[in-house]
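Engineer: The following comprises the amino acid sequence and a computationally predicted model.
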2 protein chains.
Amino acid sequence: MTNQETEKIKVFALGGVGEVGKNMYVIETGSQIFIVDAGLMIPEDEMLGIDMVIPDISYLMDHKTKVKAIFITHGHEEHMGALTYILRKLEVPVFGTKFTLALLKEELEQANVRKSDLKEVDRTTILTFDEVKVSFFRTTHSIPDSVGIVFHTDQGAIVHSGDYKFDPTSIGVFSTDIDIMAQVGSEGVLCLLSDSMNAEKPGHTGSENQVGQEFSDAFYNIEGRIIVVTYATNIQRLQSIFLAANESGRKVGIVGQKMTRVVEIAKGLGYLTIPEDTLVSYNEIMQLPSNQVVMITTNHQGEPVAALSKIAKGTHKQIQVSQGDTFIFAAASSPGTEISISKSVDLLYRAGANVISGGSKRFHASGHGSQEDIKMMLHLMKPKYIVPIHGEYRMQKAHAKIAKSMGMQDDQIIILEKGEVIEFTDQKASYGSKVYAGNVLIDGLGIGDVGNIVLRDRRLLSQDGILVIVVTLSKDRNEIVAGPEIISRGFVYVRESEQLLIDATGIVKDILDKCIKDQIMDWSTLKLSIRDSLNQYLYEKTKRRPMILPIIMEA
Amino acid sequence: MTNQETEKIKVFALGGVGEVGKNMYVIETGSQIFIVDAGLMIPEDEMLGIDMVIPDISYLMDHKTKVKAIFITHGHEEHMGALTYILRKLEVPVFGTKFTLALLKEELEQANVRKSDLKEVDRTTILTFDEVKVSFFRTTHSIPDSVGIVFHTDQGAIVHSGDYKFDPTSIGVFSTDIDIMAQVGSEGVLCLLSDSMNAEKPGHTGSENQVGQEFSDAFYNIEGRIIVVTYATNIQRLQSIFLAANESGRKVGIVGQKMTRVVEIAKGLGYLTIPEDTLVSYNEIMQLPSNQVVMITTNHQGEPVAALSKIAKGTHKQIQVSQGDTFIFAAASSPGTEISISKSVDLLYRAGANVISGGSKRFHASGHGSQEDIKMMLHLMKPKYIVPIHGEYRMQKAHAKIAKSMGMQDDQIIILEKGEVIEFTDQKASYGSKVYAGNVLIDGLGIGDVGNIVLRDRRLLSQDGILVIVVTLSKDRNEIVAGPEIISRGFVYVRESEQLLIDATGIVKDILDKCIKDQIMDWSTLKLSIRDSLNQYLYEKTKRRPMILPIIMEA
């Protein structure tokens, strides 16, 4: 390794730019690699049957010995959900704050990951590695103990903002370390990697305390049972709900394992203060008169949309809808979830419940900073370079526009694609050679074994089903000894399409007879011919294109 | 038929309540049936492979001779898209306004429906049937020549509002016949069936003329090419775009067959006035300098979201994105389309274009009335009974709330479920016995042949694929003569899972050997045993549950 190379600092993303989820950013010095976040992504609609998506870490595996640490900014799945997979392959310490590690520990246990080296940090921690020092600052986000991370290098600080918004009314454990941030900024920031999720939204992001006030008002006015569906880890919101319940003479029952555990953890760590006698068991809450009841719930992944749907469909084990219930859906309706939410709300109305949904924005505030918050971050950090991270391309574009409005020049603003590398030398940025960055799809126990071929097949199967044609030929291939038989699934309702399938079988029979007569022994030719003829025939008759699977056996 | 029965008037929906799309309402007197609208619905996500959904008209087929007319309120697919199917089964005249029938005629021709009896009506038409007279009033909607329909019965008028909003600035062919509506109201309305789509939205729905002003401003300020993606049939919007183009010294090129035809029709009928020399051919527009170009497009179904996606993905034949293009997405982002829109916008940005999307609401105004419009309709009609139609349940609920706020009593407000019947006798409403109302799924040429079993199979196939096991036994079932062979699709990547499939084949072989030894000749038992064992084995190994399809042949 030459001298020059050791001086270079590389920054790149293995996930989380140009997409929402599976955040993973990498800071690489000459001899060491540091990872910020290791998140998962909910699969897109076309990824049929896939459970989740994580970043491909081939690059990290190829440079295993250089990888010194994974820093987790906070405990959301898009930031740490890939660790249960990655820690099986990569033995490296994970640094995080108290609440983050408490959640992570649960997850690792549940996933049976036995070996892990978790190291707690806080806003006062300074970690010393060979070429960098690392420190932290707390941010206000929709989960407690969120941090930004500062890599102090000899070229200046490289700052990862974490997820943040500025909310001066969020105090105590929910507050922002604006003093540390200002200090970091004044010491000189070479590059700021900063959250772009709400860069398209003008103004300031709303405060969680306003949401709290809404709960207080609503609980005062509502008469029947109140069921709040929200995120498991938004402790600040849970705190508001507990206080509002107490004020209005109601008790709170937590429904569901995930939220129960999170509440226990938060209480244990002092992040949540529950007024005396306010939290009661499920059995107790079910005994109380409806005007004394608040239930809070989410699903096992802490995802409110799925929980709402389950309750609405009547398949929830613990919450049955009654006439006069009021559901408060305190969550964002993100693209892709509106239809599900809208159906759930419809079903709840039909069951005689009232629904106050997040659409009104009264019961939900985002955890990501809007344009004015982003400006505040730029103002505090005064970075030489800004890299808009976390969010789709147009959000990063919007972030870039904000930076320009703050006086930054085009060459100071770097929109990275996944795998693109910026190299800093003498405090100057330039593009380095790309690294491999891709997706790993997880389906059941399979990690990365479902690729494009399998997905293409699933897509095909989902549209028009499958038609299997089986035939057994004699060893000398001179005679059909069994079949041809056609079996279909997901194509047509067989009872009403008997003639179609009989005709199709006839077509196959003719092809086979002709091949035997002509002594065509090449099975791929035979299969192709069956596939083409059936394809054409079926499309003509039905305008559908099922997958056609000819199977020829030899007896 | 007794005397009393002939006096009853029934009102019910075969589609379009508690759902968006496939509108179909029925007014039935003693001897005659009148249908209002015959629309289609875009299939829901879980209806895999389905092209569209139409109302089940079994009830109408069972009472064929009573059916006297279908009235189409306007030319949107959710109101007339099922006619190409229904007119093949039901020979009945279709009444509609000039523009509606012009669009319908095209559709019927394209669908090869040769026999149809289309009868033009307008705001002055009075049709006389045995027991009712029918008249019409024009409404302002996002398509010209929209009408509401009045059934004059001896119990008073039954009014179907059609789709409407009130916009006093929409004049000429786009205006509302508020005078006729007031007249109808003062003569006595027994029952009003009224559009609920925007009943949850406070205030008045925005005017299309405001949208027009936005186009005017934007065209003045934008420098490069302008490409507007919008609905084919919103002629009022197209009119604004033509005027704005002309004002700003730009020419307009229409891209795509559907929109080209609609523009021709609208021009021919006098609903669209194109400034001289403003409309040019595709070839001409491609020659012009970019600051003189406006292109308007949509997809072949008049659906802007799909068109935008095609352009963004670079698969559109006539529109390639260039650096400096500005795309104006002048359409609603309805639930279920946001992800697609958001992806398209991202791709367009990456290609160097600017995008002004409908999210900002500047370039789109809904065609459906909000709460204040709905109040105006109630105020004009002063109905004895109100039936909120068109929209999901919670929108109908919101509509009911508005009616209450206007002084109507609970027993005057009727929220119908599909197939529920209201009967009017002596101007009093009561529930009658239900009629059958369901969905017919259309997949390719198949109408209604895809039912729950086929859909369930497609769903299963889409998640974890399929595993086919074939084996040929001897006639006496004492010997395996070929196989067992396992073929999978959409399950695992076969090359990386050879051992898994070999082991699975072994399991099947063992089961077969044991069955042969034990002389178990019942094939369903054998198949069940194979399915269960493989299911268990594969789930254990992969946590996936492919469809397992054992095929046993006899040689």
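Structural biologist: Alright, I've got the coordinates. Note that the structure is predicted; figures quoted are calculated from it, not measured.

Engineer: I'd guessed A:V440 sits against A:V53; true?
Structural biologist: Yes - between A:V440 and A:V53 there is a contact at 6.9 Å, judged by CB atoms under 8 Å. For the C-beta atoms, the positions are set from N, CA and C on the backbone; glycine is no exception.

Engineer: What ranges does the stretch 351-500 of chain A have for its strands?
Structural biologist: A:354-356, A:385-389, A:421-425, A:428-432, A:439-443, A:446-447, A:466-473, A:480-489 (DSSP state E, counting those that start in this stretch).

Engineer: would CSV of those strands with distance to B:F242, mean neighbour count and mean pLDDT be doable?
Structural biologist: Listed next are the strands of the stretch 351-500 of chain A as CSV, based on distance: least, CB to CB, whole Å; neighbours: other CB atoms under 10 Å in any protein chain shown; pLDDT from 0 to 100:
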stretch, distance to B:F242, mean neighbour count, mean pLDDT
strand A:354-356, 44, 20, 89
strand A:385-389, 39, 26, 97
strand A:421-425, 47, 18, 96
strand A:428-432, 46, 14, 95
strand A:439-443, 45, 22, 90
strand A:446-447, 55, 18, 81
strand A:466-473, 50, 25, 92
strand A:480-489, 51, 21, 89
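
Engineer: The helix or strand harbouring A:Q536 to strand B:439-443, inter-axis angle?
Structural biologist: Using DSSP states H and E, A:Q536 maps to helix A:523-542. With axes from the mean of the first three to the mean of the last three CA atoms, to 10 degrees defining the directions, helix A:523-542 sits at 140 degrees from strand B:439-443.

Engineer: Give me the helices and strands touching helix A:523-542, please.
Structural biologist: strand A:466-473, helix A:498-518, strand A:547-554 (3 or more CB pairs under 8 Å, 6 or more residues apart in numbering or on different chains; DSSP states H and E).

Engineer: Show me what from the stretch 1-150 of chain A comes close to chain B.
Structural biologist: A:18, A:44-45, A:48-49 (CB under 8 Å from any CB of the partner chain).

Engineer: at 10 Å instead, please
Structural biologist: Residues of the stretch 1-150 of chain A found near chain B (CB under 10 Å from any CB of the partner chain) are A:18-20, A:44-45, A:48-51.

Engineer: From the residues you listed, keep the buried residues only.
Structural biologist: A:18-20, A:48-51 (16 or more other CB atoms under 10 Å in any protein chain shown).

Engineer: Next, give me the two most distant ones among those residues.
Structural biologist: Greatest spacing in these, by CB to CB: A:G18 and A:G49 (24.1 Å).

Engineer: now stretch A:68-86, how far from the centre of its chain.
Structural biologist: Put simply, stretch A:68-86 sits 12 Å off its chain's centre (CA atoms, centre = their mean, to the nearest Å).

Engineer: how long is that stretch end to end?
Structural biologist: 14 Å (CA to CA, to the nearest Å).

Engineer: again, but for stretch A:80-93
Structural biologist: First-to-last distance for stretch A:80-93 - CA to CA - comes to 13 Å.

Engineer: Tell me the buried residues in it?
Structural biologist: Here stretch A:80-93 shows A:80-87, A:90, A:92 as buried, counting by 16+ other CB under 10 Å.

Engineer: Stretch A:350-369 now?
Structural biologist: A:350, A:353-359, A:362-369.

Engineer: Fine, thanks again, bye for now.
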